[in-house]
Every structure is written in structure tokens, then in C-alpha cells.
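**Q** Curious how this folds, go ahead:
(one chain, ligands or ions: 1)
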Amino acid sequence: MARRKYVVGNWKMNGLKAALDEARAIFAGAADHAAVDVALCPPFTLISAMADAAPGAAVGGQDCHAAAAGAYTGSVAAPMLADAGARLVIVGHSERREGFGESDADVKAKAEAALAAGLSVILCVGEPRNVRESGGAIAYVLAQVAGSLPAAFDPARLAIAYEPIWAIGTGLVPTVADVAAMHGAIRARLGELSGPAAAEAMRLLYGGSVNGDNAAELLDAGDVDGALVGGASLTAAKFLPIVAAAAQLG
Ligand code: PGA
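**A** Numbers count the residues shown, from 1 in each chain. Coordinates of the predicted model:
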């Protein structure tokens with residue numbers, strides 16, 4: 001079964017209400033590429049308004065708490081995201097793992113909470129620069145996959161995003177061969193962990209400085225089923241060429 005291409009925008013801590021016009025333009029433009037699944041993950045504050053502004057669109061969160069409710073000041077639970085209109089959530093982004101000290105066990109608990117709330121999940125992994133330079137990237141990332149993967153899941157609702165930390169927001173990207181090698185290794189490890197059918201069905205996204213110029217090449221790499229896009233997802237002008245590149249590859 002062919003895996004549908006999946007292009008997801010991560011707005012990070014960007015976006016006021018005025019940015020809903022860009023979201024509308026993005027989802028309207030994405031409708032021209034029906035073979036591609038497109039999602040946007042704005043800040044918590046915009047989820048409800050974006051879901052209302054683009055009915056039927058896949059809007060998601062960028063993080064959730066592992067608990068369903070409770071005394072966790074400042075946090076947002078997965079059922080709250082679903083209630084606000086989100087269909088998915090990113091967990092384990094390196095800006096959370098590094099900036100907020102999230103461990104693999106934390107990420108696994110968040111992914112399980114999100115699935116339990118009926119959300120789809122994009123689970124991020126990726127190595128820092130020194131690990132890449134020392135030749136340990138694949139082992140590092142496979143350990144993150146094994147440590148962060150939910151205990152049980154529907155493969156249609158869990159995607160893995162490989163995002164080398166040194167490529168995020170830097171304009172640097174790995175070679176296509178390195179991306180293909182990593183994605184192939186992740187899929188093989190998923191096969192060992194969850195069985196070959198699940199591994200075959202799961203979508204593996206590449207993230208880190210994806211833009212309209214490099215998307216076609218990166219999305220065509222072996223075992224790459226889509227992209228997780230930060231900076232270039234903030235405007236329709238920059239994001240839709242990435243969606244179009246995915247559509248070309250079917
Ligand atoms: P970038 O971010 O596209 O701005 O490099 C990607 C990400 O952090 O998901």
C-alpha cells in the first residue's frame with residue numbers, strides 16, 4: 001500500500017490572529033493537491049480559531065502534557081487539544097527535548113496520551129551536530145525511536161519525523177543519501193519493534209530547513225514520506241511550493 005505524502009507546518013512560537021489569513025490561503029492552496037495530506041500546527045492560542053477558519057483542515061498542537069488533566073500550571077492536555085479542534089500533535093520536538101529537558105520516556109508518555117485522546121501524533125527524533133560528526137547519528141536516533149515509541153498504536157496515526165538538530169532553522173541539510181540511510185534505518189528498527197506491517201504503513205517525515213527549493217530532492221529520498229517544516233510554513237508563498245513538490249512525487 002502506497003503511503004500518502006504528508007507535509008506538516010510547525011509554526012513554533014509564531015502567529016497572531018492576523019496570521020489566520022495565511023492559514024486559510026495555505027489550506028485553500030493545499031486543496032489543489034488532493035494526493036497530499038497537509039497539516040498546520042500553530043501555537044495553542046490559534047488552534048481553535050484556525051480550525052474554525054478552515055473547516056475540515058488538519059490543525060494540530062506542538063506539544064501536550066502526558067496527563068489528561070490536573071495541577072500542571074501552564075500546560076495543555078491532549079484532550080484539550082482535541083476539544084479545541086486539533087486532530088494531531090507534535091511530540092518530542094528537539095526544541096522541547098533540549099529546551100525543556102524532555103526524555104524519551106516523557107515523549108513516549110505524551111504520545112500515548114495524545115493517541116488516547118484520539119489525536120494523531122508526529123513523534124520527532126534527531127541527533128545533535130557532535131553526534132553526527134562522530135559518526136553516531138543512526139545509533140543515537142534509533143535509541144530515541146525505541147525509547148519514545150508508544151507501547152501500542154495504530155500505524156495510520158503515528159508518524160516519525162527525523163529532524164537533525166543541526167539542520168533546524170540553519171539552512172543546513174543532510175545529503176539526500178544521509179537522509180535515505182537514516183529513514184531506512186528507522187523503518188527497519190520500527191519493523192523490529194512493531195512488526196513489518198506497521199513499519200511499512202508508518203510515514204517518516206524529514207524536517208530541518210526544508211524549503212521550496214530543496215523539497216523535491218528531499219521528499220524523493222528513500223523512505224521519506226513527507227516533511228515537517230518550520231520557517232517555510234509561515235506563509236502560503238513559501239509553504240505551498242513544498243506541498244506542490246510532494247504532490248509531484250505522489
Ligand atoms: P525549520 O524547522 O524548517 O525552520 O528548519 C523545522 C522544525 O523544527 O520542525
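**Q** so what's residue 67 up against?
**A** Counting by Cβ atoms under 8 Å, 6 or more residues apart in numbering, residue 67 makes contact with 77, 113. (Each C-beta comes from the backbone N, C-alpha and C, glycine too.)
**Q** Could you look up the SS state of it?
**A** Here residue 67 is coil, with the state taken from DSSP: H, G, I helix; E, B strand; the rest coil.
**Q** Let's see the pLDDT reported for it.
**A** Looking at residue 67, its pLDDT is 98.
**Q** Spell out which parts of this structure neighbour the ligand.
**A** For the chain, the contact set with the ligand under Cβ under 6 Å from any ligand atom comprises 10, 163, 168-169, 207-210, 228-232.
**Q** got the buried residues for stretch 19-31?
**A** Across stretch 19-31, burial judged by 16 or more other Cβ atoms under 10 Å covers 19, 20, 22, 23, 25, 26, 27, 29, 30.
**Q** next structured bit after the longest helix that the chain contains?
**A** Longest helix in the chain, counting residues (DSSP state H): helix 176-194. For helix 176-194, the following helix or strand on the C-terminal side (DSSP states H and E) is helix 196-201.
**Q** For that next one, the averaged confidence score.
**A** The pLDDT scores in helix 196-201 average 97.
**Q** buried stuff in it?
**A** Buried residues in helix 196-201, defined by neighbour count with 16+ other Cβ under 10 Å: 198, 199, 201.
**Q** where's the last one relative to the ligand, distance?
**A** Yep, that's residue 201 we're talking about. Distance of residue 201 to the ligand, computed by Cβ to the nearest ligand atom, to the nearest Å: 23 Å.
**Q** what do you get for the first one?
**A** For residue 198, the distance to the ligand under the criterion Cβ to the nearest ligand atom works out to 24 Å.
**Q** Let me see the backbone angles for the residue of the chain positioned farthest from its centre.
**A** Distance from the C-alpha centroid of the chain, by Cα atoms, centre = their mean, peaks at residue 71 (27.8 Å). Per-residue torsions, residue 71: phi -90, psi 80 (degrees, to the nearest 10).
**Q** Can you give me every residue that contacts it?
**A** By Cβ under 8 Å, 6+ apart, residue 71 has no neighbours at all.
**Q** so how far does stretch 208-215 reach from one end to the other?
**A** End-to-end distance for stretch 208-215, by Cα to Cα, to the nearest Å: 11 Å.
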